[in-house]
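> Structure for the following, please:
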Amino acid sequence: MTTFDLKGKTALVTGAGRGLGKAIADGLAEAGAVVYGTTRSRETAESVSARYGTPAVTLEMTDTASIRRGVAELLDASGGIDLLLNNAGINIPKPAIEITDEDWDSVLDTNLRGSFFLTTEFATSWLASSTPAAVVNIASQAGLVAIEERAAYGTSKAALIHLTKVLALEWASSGIRVNAVAPTFVRTELTESTLSRPDWAAELQSRIPMGRFGEPEDIVGAVIFLLSDAASLVTGHTIAIDGGYTIR
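All right, here's what the predicted structure looks like:
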């Protein structure tokens, strides 16, 4: 079981201030990694800093200048990041005909564009120094199957799943692994607006063969596996953590 041990590794978790990001960051710390977490706000970043004993870092995923500054700051403070979890993301659930230009850009820029440029910024450093590294992208079952009111969100996650494959292919020979997980509806602030609608929540739950929504802790184990040496020959794959939602 030592292959699951993350001692000696340094991890960055985006969107670590709450929900899924917080649960995964806690899990990585428990597995032995030194954890850095980013948030949009300075106040939340200070809370994350106190939780993991690492410097506070704010990052705006829609702003490439902020990403470049943040990566430089992180590399300087940490001495090197070798595990990256792209968790920061948003959803604006609406029927397709109600989605505005601003909605579309906000979701795609955060979920896809930001994850791409953050990952390539780190990869530039990894490739230059021949550093083995592992990346996990938080995708979604909405990137695997169509779900109502998820035109922008589902598109961003489907593209992130494909991006996972492309980056894995390009960097495999350099010892950089890139994988993703695709959760079902997990009870967090992100899904609150959906799961608080009783009829809609009941309909969605009826589509899950295992009969329940996810909790943040349900996602942690798969992420630790993909970031650890236990998955040393796994790259370019997406694990659905969906209670069977995408079986049919």
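
> Quick one: low-confidence residue ranges for the protein.
Under the criterion pLDDT under 70, the flagged ranges of the chain are 1.

> Which parts of this structure are strands?
Taking DSSP state E, the strands of the chain run over residues 10-14, 34-39, 57-58, 83-86, 133-138, 176-183, 238-241.

> Any idea which of those gets closest to S232?
strand 176-183 (7.8 Å; CB to CB). (Each C-beta comes from the backbone N, C-alpha and C, glycine too.)

> ok, back up a step: for S47, find the nearest of the strands of the chain.
strand 34-39 (8.2 Å).

> tell me which strands and helices the lengthiest helix in the chain is in contact with?
The helix spanning the most residues in the chain, taking DSSP state H as the definition, is helix 151-171. Counting by 3 or more CB pairs under 8 Å, 6 or more residues apart in numbering; DSSP states H and E, the packing neighbours recorded for helix 151-171 are helix 101-108, helix 114-129, strand 133-138, strand 176-183.

> Tell me the spacing between the residue nearest the centre of the chain and R207.
Central residue of the chain (CA atoms, centre = their mean): N87, 2.4 Å from the mean position. With distances taken as CB to CB, to the nearest Å, N87 is found 24 Å from R207.

> go on, H162?
Here H162 is placed at a distance of 24 Å from R207 (CB to CB).

> T62 now?
Distance from T62 to R207, by CB to CB: 32 Å.

> Check G244 too.
9 Å.

> These two - which one has more neighbours?
A direct count of neighbours by other CB atoms under 10 Å for G244 and R207 places R207 higher, at 17 against 13.

> Now do the phi/psi pair for that one.
Torsion angles at R207 (phi, psi; degrees, to the nearest 10) stand at phi -90, psi -10.

> separation between the residue lying farthest from the centre of the chain and L190?
Of all residues in the chain, D199 has its C-alpha farthest from the mean position, at 28.7 Å, by CA atoms, centre = their mean. Here the criterion is CB to CB. By it, D199 lies 20 Å from L190.
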